[in-house]
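Undergrad: predicted coordinates and the sequence they were generated for:
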Number of protein chains: 2
Amino acid sequence: MNVTIKDIAREAQVSYATVSRALNNKYGVNPDTRSRILRIAGELNYSPNAIARGLVSSRSFTLGLILPDLTNPYFPAVAAGIESCAQEKGYSVFLCNTNWDRRRETNYIRLLSERRVDGIIIAPAGTSIDEEVSDLLPMVFVSNAPKESPRSSVVIDNIRGGYLAAKHLIECGYVSIGFIGVSEHEMVDNDRLEGYRRAFRRYGKEIDPRYIRFGDFRQQTGYNLISEMIRTGEYPDAIFAENDVLAIGILHGIKDSGLRVPEDIALIGFDDIAFSAYQEIQLSTINQPKEEMGRTAAEILIEQIEENTGDIPPRKVILEPELVTRNSSCREQKEGEHPFEESTLVHRG
Amino acid sequence: MNVTIKDIAREAQVSYATVSRALNNKYGVNPDTRSRILRIAGELNYSPNAIARGLVSSRSFTLGLILPDLTNPYFPAVAAGIESCAQEKGYSVFLCNTNWDRRRETNYIRLLSERRVDGIIIAPAGTSIDEEVSDLLPMVFVSNAPKESPRSSVVIDNIRGGYLAAKHLIECGYVSIGFIGVSEHEMVDNDRLEGYRRAFRRYGKEIDPRYIRFGDFRQQTGYNLISEMIRTGEYPDAIFAENDVLAIGILHGIKDSGLRVPEDIALIGFDDIAFSAYQEIQLSTINQPKEEMGRTAAEILIEQIEENTGDIPPRKVILEPELVTRNSSCREQKEGEHPFEESTLVHRG
DNA sequence: ATGAAAGCGCTAACAT
DNA sequence: ATGTTAGCGCTTTCAT
């Protein structure tokens, strides 16, 4: 069916080893022979079989990228950074969308390693991945990483991010400050929530558990949670939402309930997705350097792949989150001293 | 390095053909032998090499999906439909993002076919794809398809969509109605613009060329184009934008210029991405059944793959666009009779 | 510079 | 029920 090097060899009257050499720009082929082979390959519309090639060379120059949610613009932004780095270094990337489904995540890890990609970048859906299946390939975590994994990872300091968000609201003078997040059991969440807790502790404030709510990652969930709080009359005067998608849902919920942002309820999100900057949204948030995270993850992975010794130590990169104030919260805050040591939070390299 | 069926065979004291049979649930293996082999495979943490398997079976049960732009939520929505169908039928999908780069598109087609995916679904960035490279595999177009291609495709009736949009604005009583799009030379654009033209013709209106502008797919471009028009004072009282991302940029541009939507300039987009429904945006638009398009494309492709005869005729599915009116244009319009035959526009199957 | 041949890991006849 | 063997398309020694 398909044209192979044997067909070309027959046509060119050479052995198929020579064809292979010519096609791969290998040393030691007569220039005339080479150009003849190349011409014939073109005429026959030859397409090399990467499967067969990979079988012998065990290199594919492709990376797998496993993402949990393409509808949250945060992830495409990270993907863009990964792709641009990969492309520069001669790799292609296969993107797999798990839709927050842990089973699909495991399946994709298996699939990608069976298909012998050279490495995997993964933003895991939960606090851990199936390690059974994960030992097969170079792999780096991005955006979210199991705490105790021996693998490289590129994340931001989520505790500090949560701290910055809560600190901002506190310093704006809001009295009751709620938290709306995904679940107490997901790792990232815990970190952002932990940062929020630390800010409260630092400022000597009590956390009111009535204002801490959990749901999932969907915008609609944010909408529902806040609407319910407002309906019952039991709502805080400011909210820290675990991510911007959730926050935007909350924003709508507040407005649909007839209240104003930030006058009645102030709001801050997390991620700084593009939509948060829209004039109609103007959501205060904690920025993550999304593209940079992606690029860095790709760099580390490729370095790991090409370092054939195989045992360079894992790199744990922790990037800095950054407060971005827009209209959904007050714009200015007092400059407070730093409540805990920078060095306990930030590790680079 | 990696454990292979030979390792298992040695361990289990059988030939490696038997291992292969056991692992693939093939007929004719002693249950005891089978379970012993399975146990050993587990112990050895065996991962089948899909590369080798694919080399002999020439089936991979993976699809390639080539998309031009992950930052436009329209495409992830289509991808979701594709993935859910693929998963049901036992296929995985590799997503490749071209970022509107035709070169990358060609590269990815080549790459995917070299890696012997079973088929490709592509939303091409332009009016044609490199046919040199595209003959290798079953392939179906989604969202956008070269007009004269002999391949299957799933699109909406863009002419009718453009017509509906313009008709709506005309019937709302707007007098000067502009069009902001990507480029006259991209195919989809031509269709949506053509629909707009037909509506004008049908209603005996003249098109004012000053109000037809082209840029690219970015939101910022919409912002800039409208801002410039307003600055010079030469702007229409309604605008049809070729897609919602562009329209949202235009919305911001109008508001930043101190004008109101729809009072000063009415606006309608195209695609009906999730953000268009937001309370703060409330963008009128033309809905595309995004998930359905994706599902249908995947169904057709898989059917094509599994139909081993290979020459089922291509299917050209054209789905119906639908007018969605929100606050960015007037809500009601007169019911006009149908200016051209339904049958000239809609073909299903 | 070129050819012959082995082998990557696996499946699928064909034997036994 | 199991083993033997030939190949899938390619790269890579080792000869020549």
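TA: Sure thing, it's come through. Just so it is clear, the model here is predicted, and its values are computed rather than measured.
Undergrad: where in the stretch 151-300 of chain A is pLDDT low?
TA: Counting by pLDDT under 70, the stretch 151-300 of chain A contains low-confidence residues at A:184-189.
Undergrad: please redo it, this time with the cut-off set to 80
TA: Of all residues in the stretch 151-300 of chain A, those with pLDDT under 80 make up the ranges A:183-189, A:279-280.
Undergrad: so which residues on it come close to chain B?
TA: When proximity is defined as C-beta under 8 Å from any C-beta of the partner chain, the stretch 151-300 of chain A approaches chain B at A:219, A:248, A:251-252, A:255-256, A:274-275, A:278-281. Glycine gets a C-beta too; all of them are placed from N, C-alpha and C.
Undergrad: stretch A:104-117 close to chain B?
TA: Yes - taking C-beta under 8 Å from any C-beta as the criterion, stretch A:104-117 and chain B are in contact, through A:104, A:107-108, A:110-111, A:113-116.
Undergrad: report the closest residue of the stretch 151-300 of chain A relative to DNA strand D.
TA: A:Ala298 (24.5 Å; C-beta to the nearest atom of the strand).
Undergrad: hang on, that residue in a strand?
TA: No - applying DSSP: H, G, I helix; E, B strand; the rest coil, one finds A:Ala298 to be helix, outside a strand.
Undergrad: so the nearest residue to it once chain neighbours are set aside, which of the three states?
TA: Spatially, and ignoring its direct neighbours in sequence, A:Ala298 is nearest to A:Cys85 (3.7 Å; C-beta to C-beta, 6 or more residues apart in numbering or on different chains). Per three-state DSSP, the secondary structure class of A:Cys85 is helix.
Undergrad: where along chain A do the strands fall?
TA: All strands of chain A, identified by DSSP state E, fall at A:62-67, A:92-97, A:119-122, A:139-142, A:152-156, A:177-181, A:212-214, A:238-241, A:266-268, A:285-287, A:316-319, A:322-324.
Undergrad: and those, which is most packed in?
TA: strand A:238-241 (a mean of 30; mean count of other C-beta atoms under 10 Å in any protein chain shown).
Undergrad: hmm, back to that, among the residues of stretch A:104-117 next to chain B, which ones are in helices?
TA: Applying DSSP state H to the residues of stretch A:104-117 next to chain B, the entries found in helices are A:104, A:107-108, A:110-111, A:113-114.
Undergrad: ok, and the most crowded of those residues?
TA: Neighbour counts for these, by other C-beta atoms under 10 Å in any protein chain shown, peak at A:Tyr108, which reaches 26 neighbours.
Undergrad: report the contact partners of A:Glu291.
TA: A:77-78, A:80-81, A:84 (C-beta atoms under 8 Å, 6 or more residues apart in numbering or on different chains).
Undergrad: at 7 Å instead, please
TA: Going by C-beta atoms under 7 Å, 6 or more residues apart in numbering or on different chains, A:Glu291 touches A:77, A:80-81.
Undergrad: now, which of the residues you listed lie within helices?
TA: In this view, the contacts of A:Glu291 that belong to helices under DSSP H are A:77, A:80-81.
Undergrad: how close does the residue in the stretch 201-349 of chain A that chain B sits nearest to sit to DNA strand C?
TA: In the stretch 201-349 of chain A, no residue comes nearer to chain B than A:Glu280, which is 3.5 Å away by C-beta to the nearest C-beta. Taking C-beta to the nearest atom of the strand, to the nearest Å as the measure, A:Glu280 and DNA strand C are separated by 55 Å.
Undergrad: swap in A:Thr296?
TA: Computed as C-beta to the nearest atom of the strand, the A:Thr296 to DNA strand C distance reads 32 Å.
Undergrad: could you tell me how many residues sit around that residue?
TA: Here the count is done by other C-beta under 10 Å, and A:Thr296 has 22 residues near it.
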